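In: 3D model of this:
(2 chains)
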Protein chains: 2
Amino acid sequence: MAERVQQVVAVMGRGVVDTGAPVATGDDLGLTRGDGCFDATLVAWDGEGWLVHDLDEHLERLRRSADALGIPLADDDAWIELVGDALQVWQGADEAALKMVLTRGDEHGDGTPLAFLTLTAVDAGMQAQRDGIRVVTLSRGYASDAFEGAPWLLGGVKLLSYAVHVAAKREASARGAEDVIFTSSDGCLLEAPTSAVVWLRDGVVATTPTGATGILDSISARKILGGAAEHGWRAERRLVTPDELAEADAAWLVSSVRGVAPITELDGRALRTDPEATRIVRALNGF
Amino acid sequence: MAERVQQVVAVMGRGVVDTGAPVATGDDLGLTRGDGCFDATLVAWDGEGWLVHDLDEHLERLRRSADALGIPLADDDAWIELVGDALQVWQGADEAALKMVLTRGDEHGDGTPLAFLTLTAVDAGMQAQRDGIRVVTLSRGYASDAFEGAPWLLGGVKLLSYAVHVAAKREASARGAEDVIFTSSDGCLLEAPTSAVVWLRDGVVATTPTGATGILDSISARKILGGAAEHGWRAERRLVTPDELAEADAAWLVSSVRGVAPITELDGRALRTDPEATRIVRALNGF
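Out: Below is the predicted model:
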């Protein structure tokens, strides 16, 4: 185990388990069907103790994902206790990703879901992306209203079925970029595989809309837009094309673990950056 | 374990493990991202021994899925040996589903994939569907050419990321049906969540095309179309609307474990069935 990254794993109902110990059976629907959901946030050492960023908001979103899938979720207190158990044994870096995972459990079992969390050191590569990322656009294959009236498409649910998201990131690497913004078949920007898109133009800070687009309700984007007025910015949610994003005064990919990553390049085209606006967006996001 | 369905689990490199024993870590990308693939077929007692239907074809398709994901797969001999190990201890029903699963392995591990198989008794509910099924159409959200030039969408790959497929089956149940045929945003029938659509009209037996549609290359449909000429039928692959399917002389959902299921109803509309044609289609499929 010496070469493993620093990681702690804790299973609901069992507590902390040996890192590298298997937790899911070969019959688990999360494993065999991607049938489950997760949520993730940053845990950081604040000089005196571990701060779990926005745990309540992430538990609330995990609950909405679980409800959409019809999978029962332990109450918040049980999760908070499990996070505490994991942090008690955490010996790792000053920044860790907390991932909370829920599956439908064994296909031929008694209906008990599997719930567990992992704490994993944030790697230096991700931290470096906070200084700037190059992004390519890739089609997500859906129209921007494909999720309207189609709840079985599970729009807005943070699913374990993320293989396309991972494949899109591999395609970005092959194209010399660090991340992706998915586009709709009608030419609009949607979201990144694990981030939201936020941009500033003429004093308006904006992100893309949830709902019919299937876009995940980003907690980071919500915080940034929610505090925009304090800084004299208007906030709005709207669909834009890549060309419109390229005209922004600044644009970022925002997510709970990586935080705020200024987009320096979109499909090979340099984007404007604005260090002062990035400072404000970071303050609104909490880091 | 007394109440578990009959099941055997075997892991590549380990052999048969205790049923219900966990096999995937909390860091396994198959579990946390649905990042992996699978294939499945029927194992049946033929009076003298266990017959694994079309194992070579399923291993070949599993290999194509693994290649598309860039995950290394053990050679066929290793899989055939593992299937043999599992069948040695199989004490279950005369029909079992063999599922072979491959994940990308631990996100922070050494790159070793996880490969395992399960043998699970085919339940009576699925067997009953061979007598007829009611089907509803549900939007898959994609246009029928959405996968053209977009390999990161992983069209035709039998992914572990199947949550939408499972959710669509739940929606079908809520509508009083047993299965779903997905439709494209431009109004064409695509495939069922775990089956292909095959129909007969005026002596032409047909299924929907792979490629730009993202539809999985169905081994059952290939066998049926491949043998059509022996019965005086022409074979073709084409896109049709639900209205066109409703005009067929007979239509079936075909898949490797359930086999040939005549569609008796589509969105509440009775479809024609043809017992003689079903008998031929079953013979072509092998059961």
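
In: Can you tell me the SS state at A:G156?
Out: Classification of A:G156 by DSSP: H, G, I helix; E, B strand; the rest coil places it in coil.

In: With A:L253 instead?
Out: Taking three-state DSSP, the label given to A:L253 is strand.

In: so what's it up against?
Out: A:I133, A:V135, A:D179, A:I181, A:A192, A:S195, A:A196, A:V197, A:V198, A:A261, A:I263 (C-beta atoms under 8 Å, 6 or more residues apart in numbering or on different chains). Using the backbone N, CA and C atoms, a C-beta is placed for each residue, glycine as well.

In: How much space separates it from chain B?
Out: 17 Å (C-beta to the nearest C-beta, to the nearest Å).

In: Leaving out chain neighbours, which residue sits closest to that residue?
Out: A:S195 (3.9 Å; C-beta to C-beta, 6 or more residues apart in numbering or on different chains).

In: Can you show me the helices along the stretch 1-150 of chain A?
Out: A:29-33, A:55-69, A:76-89, A:124-128 (DSSP state H, counting those that start in this stretch).

In: For the longest one, name the packing helices and strands.
Out: Judged by 3 or more C-beta pairs under 8 Å, 6 or more residues apart in numbering or on different chains; DSSP states H and E, helix A:55-69 is in contact with strand A:36-45, helix A:76-89, strand A:95-103, helix A:219-226.

In: As CSV, those with distance to B:A10 and mean pLDDT would be great.
Out: Shown next, in CSV, are the helices and strands packed on helix A:55-69 (distance: least, C-beta to C-beta, whole Å; pLDDT from 0 to 100):
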stretch, distance to B:A10, mean pLDDT
strand A:36-45, 24, 98
helix A:76-89, 32, 97
strand A:95-103, 21, 98
helix A:219-226, 41, 98
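
In: Any idea which of those gets closest to B:A115?
Out: For those, the distance to B:A115 is smallest for strand A:95-103, at 19.6 Å, taking C-beta to C-beta.

In: For the closest one, buried residues please.
Out: Going by neighbour count (16 or more other C-beta atoms under 10 Å in any protein chain shown), the buried part of strand A:95-103 is A:E95, A:A96, A:A97, A:L98, A:K99, A:M100, A:V101, A:L102, A:T103.

In: Neighbours of whatever residue of the stretch 151-287 of chain A ends up closest to chain B, how many?
Out: The minimum distance from the stretch 151-287 of chain A to chain B, using C-beta to the nearest C-beta, falls at A:S161 (3.4 Å). Per other C-beta atoms under 10 Å in any protein chain shown, the neighbour tally for A:S161 reads 26.

In: a strand runs through it, doesn't it?
Out: No - secondary structure of A:S161 (three-state DSSP): coil, not part of a strand.

In: isn't it right up against B:V164?
Out: Yes - with contact defined as C-beta atoms under 8 Å, A:S161 counts as touching B:V164 (6.8 Å).

In: circling back: would you check that the residue nearest to A:L253 makes contact with A:V180?
Out: No - the criterion here is C-beta under 8 Å, and A:S195 misses it with A:V180 at 9.3 Å.

In: Need the distance between the two termini of stretch A:215-233.
Out: 23 Å (C-alpha to C-alpha, to the nearest Å).

In: now swap in stretch A:108-116 and tell me
Out: For stretch A:108-116, the end-to-end distance is 20 Å (C-alpha to C-alpha).

In: so for that stretch, what's the average pLDDT?
Out: Confidence over stretch A:108-116 (mean pLDDT, whole number) is 96.

In: Is it positioned near chain B?
Out: Yes - under the criterion of C-beta under 8 Å from any C-beta of the partner chain, stretch A:108-116 makes contact with chain B via A:H108, A:G109, A:D110, A:F116.

In: and A:D77, how many neighbours does it have?
Out: Counted with other C-beta under 10 Å, A:D77 comes out at 9.

In: Could you check how far it is from A:W45?
Out: 24 Å (C-beta to C-beta, to the nearest Å).

In: Pull the distance from stretch A:20-37 to the chain's centre.
Out: 20 Å (C-alpha atoms, centre = their mean, to the nearest Å).

In: just the CA coordinates of that stretch, formatted as CSV?
Out: The C-alpha coordinates for stretch A:20-37 follow below in CSV (Å, rounded to 0.1, in the frame of the first residue of the first chain):
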residue,chain,number,x,y,z
GLY,A,20,-7.7,-0.4,-0.4
ALA,A,21,-10.2,-2.8,1.2
PRO,A,22,-13.1,-3.6,-1.2
VAL,A,23,-16.5,-2.1,-0.2
ALA,A,24,-18.8,-3.1,-3.0
THR,A,25,-19.9,-6.6,-4.0
GLY,A,26,-20.0,-7.8,-7.6
ASP,A,27,-23.8,-7.5,-7.5
ASP,A,28,-23.8,-3.8,-6.4
LEU,A,29,-25.9,-1.8,-8.8
GLY,A,30,-23.6,1.2,-8.4
LEU,A,31,-20.8,-0.9,-9.7
THR,A,32,-22.6,-2.9,-12.4
ARG,A,33,-25.0,-0.1,-13.6
GLY,A,34,-23.6,3.2,-12.4
ASP,A,35,-26.9,3.3,-10.5
GLY,A,36,-26.3,5.8,-7.7
CYS,A,37,-25.1,9.3,-7.0
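
In: quick one: that stretch near chain B?
Out: Yes - judged by C-beta under 8 Å from any C-beta, stretch A:20-37 and chain B are in contact via A:20-36.

In: Show the buried residues in those residues.
Out: A:22-36.

In: quick revisit: the residue of the stretch 151-287 of chain A closest to chain B and B:C188: what is the separation?
Out: A:S161 is 23 Å from B:C188, by C-beta to C-beta.

In: before we move on, the earlier item: torsion angles phi and psi at the residue of the stretch 151-287 of chain A closest to chain B?
Out: phi -80, psi 80 (degrees, to the nearest 10).
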